[in-house]
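*Asks:* One predicted model, sequence on top.
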Amino acid sequence: MSQEFTFFILQIAHQHPVLWYIIIVLLGMLAGSFITMLCHRLPVMLQWQEPTKPSPSTEKTFNLFFPRSFCPNCQNTIKWWQNIPILSYCLLGGKCHHCHQPIAHSYLIIEIISVLLSIITALIINDPIHTLWWLLFTWIALALTILDSRYLLLPDSLNYSLLWSGMLFSIVTHNAETAIISAFVGYLSFAIINFLYKLVRKRDGIGQGDFKLLAGIAVWLSWYELPSVVLLSSIFGLCYALYLFLKHKSLNINQPIPFAPFLLFAAWLWALYLHNFY
């Protein structure tokens, strides 16, 4: 009964474009705010990064919910009205209300990107239920992109969130059997490539986080779409490597380059392409 009611409400909202996109923008803002917090706290929780400043806040329980959001400079707790996505940053002039130190621009940028990606997703995917599912994919992908770009970190918690949410989506769309096969194909594809690379170079060429990531992507898109996604992401990666070469006039082949951002962006674009043309 609750599912039918939710579907009914979504259909009504979807039939009124202004209302629908107000909802999408609000969801994108909330998701962007959560992603900024997630990408700040998760590396600390996994002991991947030290806290910016040792303080009583970081010595106590530190997770996604505690302590409440606080300024990294003066350690004062941020009140709810100072923490409204995008709006608070603009109203406060990009500075802390207490110490007046600048707030990192990355917070605002991530929230804006989240809203823009959400709007694009909603514009292309017409079905309201499918839109919400693919918004979830988009937000998880954005978080993974940021973490891999900053820290070369692909946490299992997010990789598995992508995988299991894709499994639930496949159940909703009556495609569970293909999803299970796709997960195995996605994981083994990179695992085999890495095994062959390791035989030749005596070191890993692909991180194990990427194995799990490709499995999650495969669940969402199905295994037969993986060649297109990997090819597109490889083109993006080569373009980035060319950019680095032209910028620095050299390229260190031993320096790891995060591949997840290219893979996730390619998967997102390919998903929108499939929804737009099929």
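*Replies:* Nice, thanks for sending it over.
*Asks:* surely Val115 meets Leu26?
*Replies:* No. Under the criterion of C-beta atoms under 8 Å, Val115 lies out of contact with Leu26, with a separation of 9.1 Å. (Each C-beta comes from the backbone N, C-alpha and C, glycine too.)
*Asks:* what about the two, which has more around it?
*Replies:* In this view Val115 and Leu26 are compared by other C-beta atoms under 10 Å, and Val115 has more residues nearby, 21 against 13.
*Asks:* quick one: what helix or strand has that one in it?
*Replies:* For Val115, the element it lies in under DSSP states H and E is helix 105-124.
*Asks:* Listing request: residues of the protein with sub-threshold pLDDT.
*Replies:* Residues of the chain that meet the criterion pLDDT under 70 lie in 1-5, 48-60, 251, 253, 277-278.
*Asks:* Which residue ranges of the stretch 101-250 of the chain form helices?
*Replies:* Using DSSP state H, counting those that start in this stretch, the helices found in the stretch 101-250 of the chain span residues 105-124, 128-151, 156-172, 176-201, 208-221, 226-248.
*Asks:* out of those helices, nearest to His275?
*Replies:* Evaluated over the helices of the stretch 101-250 of the chain, closeness to His275 peaks at helix 105-124, with 5.6 Å, by C-beta to C-beta.
*Asks:* how about the nearest residue to Gly32, chain neighbours excluded?
*Replies:* Distances taken as C-beta to C-beta, 6 or more residues apart in numbering place Ser114 nearest to Gly32, at 3.0 Å, with adjacent residues excluded.
*Asks:* and what of Asn63?
*Replies:* In this structure, Asn63 finds its nearest non-sequential neighbour in Met45, 6.1 Å apart by C-beta to C-beta, 6+ apart.
*Asks:* And for Ile124?
*Replies:* Closest residue in space to Ile124, ignoring its immediate chain neighbours: Leu272 at 4.7 Å, by C-beta to C-beta, 6+ apart.
*Asks:* Quick check: buried residues in the helix or strand encompassing the one you found?
*Replies:* In the assignment (DSSP H and E), Leu272 maps to helix 260-277. Counting neighbours by 16 or more other C-beta atoms under 10 Å, one finds that the buried residues in helix 260-277 are 260-268, 270-272, 275.
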